[in-house]
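>>> Let me see the structure of the following:
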Amino acid sequence: MRALLPLLSVVRGWRVGAAARPPRRVMSLYLTEERGLPHSEDYRLFFRSASVSRLEHMGLFNWQTSCSCNAPESVAGHYISAFHDIPLKVDSPKENGIPRKKARNDEYKNLFNMVVEIPRWTNAKMEISTEEPMNPIKQDVKSGKLRFIPNIFPHKGYIWNYGAFPQTWEDPYQKDKNTNCTGDNDPVDVCEIGSKVLSRGDVIQVKILGTLALIDQGATDWKIITINVNDPEAEKFHDIDDVKKFKPGYLEATLNWFRLYKVPDGKPENKFAFNGEFKNKAFAIEVVNNSHECWKAMLMKKCDHGAISCTNVHVCDSPFRCSPEEARSLIESVPAPSMSKEVSKEEERWHFLD
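You can find the predicted model right below:
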């Protein structure tokens, strides 16, 4: 099973109430499309593939690399699912004949696509909407309010670029053999520790370095530590011990961040499997691969997927696969965003905890 056209990065495309904006960057294979105002319940960020003509113009389209179940005219230029249609793994030393930057030969097997949901230093809790058609990014809502992560001194918002691995699923009906807890019903979470502040909707290629196992309300919530393969320092990082060596204190800050981030809301400190020990690259890759197998079972209707929307455009043989036209109809059937004002961003208040 293969999804189509591994992604390099993403550009902004459209926003409600205005004509389509020109792309800010021209190096992407995929576009994003904004609807509604940021920091409102209506906000959605949809994903689209670039058109065939655009890819050909960029010299990036090669039909021989595409999924055989798609006709040439249907592989690009259409809405896709951020959850299901973006490939998890980067399988080749080259993408459509173009060599990758800063990846050693023995690291090609450790290249994965990450969808950036939350840029570093920001507070809005954005996430892939698993239950909505085509799975756009939206802001999480709890108890009728948009969620913002508190600033807990000395950290401003999220301390990494935070996001998810597409084509992964932490099965809530299956116990994890390592933690003896079920999954949290979401894609696997990713913390990218590189030097660049990325943008919401970016799709980047990362190297896995290790993982932390958060136990959230009795469910396993893996946090995979990664670095952007194109980061200026990426060549120094190959496993979790390299983070300890070259970014001293970062793993301790990460553990402390996840331990405390719910405390300002009156909740207890979070708990971890393995007493909060970070596991290494090999362990983390196994976690991700297992979650990919769970996702495959879900997309092939071999297990209970609950309320998750499994509709996709590019997953061959999936009973949930739809045509590009059907995907567009699903998105257009969503009620138009209101013109409500943005809510308070709640980004200025700081919390000081013992």
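
>>> Please count neighbours and contacts with C-alpha atoms only from this point.
Fine.

>>> Where does the prediction get shaky in the chain?
Applying pLDDT under 70 to the chain flags residues 1-28, 51-76, 91-108, 339-347.

>>> top strand in it by residue count?
The strand spanning the most residues in the chain, taking DSSP state E as the definition, is strand 203-216.

>>> Could you give the number of residues near residue 292?
Residue 292 has 22 neighbouring residues, counting by other CA atoms under 10 Å.

>>> For it, what is the enclosing helix or strand?
Secondary structure from DSSP states H and E places residue 292 in helix 281-299.

>>> what's the angle between that helix and strand 203-216?
90 degrees (axes from the mean of the first three to the mean of the last three CA atoms, to 10 degrees).

>>> Counting by contacts, list what the longest strand of the chain packs against.
With contacts taken as 3 or more CA pairs under 8 Å, 6 or more residues apart in numbering; DSSP states H and E, strand 203-216 sits against strand 111-118, strand 219-228, strand 271-272, helix 281-299.

>>> so of these, which one's packed in deepest?
Ranked by mean neighbour count, these are led by strand 111-118 with a mean of 27 (mean count of other CA atoms under 10 Å).

>>> Against which helices or strands is that strand packed?
strand 126-128, strand 161-164, strand 203-216.

>>> Now render the ones you listed as a markdown table, adding mean neighbour count and distance to residue 193.
Output for the helices and strands packed on strand 111-118, formatted as a markdown table (neighbours: other CA atoms under 10 Å; distance: least, CA to CA, whole Å):
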| stretch | mean neighbour count | distance to residue 193 |
| --- | --- | --- |
| strand 126-128 | 25 | 18 |
| strand 161-164 | 27 | 7 |
| strand 203-216 | 24 | 10 |
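
>>> Just tell me which of the ones you listed ends up closest to residue 197.
For the helices and strands packed on strand 111-118, proximity to residue 197 was assessed by CA to CA; strand 161-164 is nearest, at 6.8 Å.

>>> Each with direction, which strands does that closest one pair with?
Partners of strand 161-164 in the sheet, by DSSP bridges, are strand 111-118 (antiparallel), strand 189-192 (antiparallel).

>>> Kindly export that strand (C-alpha atoms) in CSV.
Extracted C-alpha coordinates of strand 161-164, given in CSV (Å, rounded to 0.1, in the frame of the first residue of the first chain):
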residue,chain,number,x,y,z
ASN,A,161,7.5,22.3,16.5
TYR,A,162,4.7,19.9,17.4
GLY,A,163,2.6,17.7,15.1
ALA,A,164,1.8,14.2,14.0
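
>>> Just list the residues touching the nearest residue to residue 213 once chain neighbours are set aside, thanks.
Spatial nearest neighbour of residue 213, excluding adjacent residues (CA to CA, 6 or more residues apart in numbering): residue 222 at 4.7 Å. Taking CA atoms under 8 Å, 6 or more residues apart in numbering as the criterion, residue 222 is in contact with 188-189, 211-214.

>>> what would the helices and strands packed on strand 111-118 look like in a markdown table with distance to residue 150?
Shown next, in a markdown table, are the helices and strands packed on strand 111-118 (distance: least, CA to CA, whole Å):
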| stretch | distance to residue 150 |
| --- | --- |
| strand 126-128 | 14 |
| strand 161-164 | 15 |
| strand 203-216 | 18 |
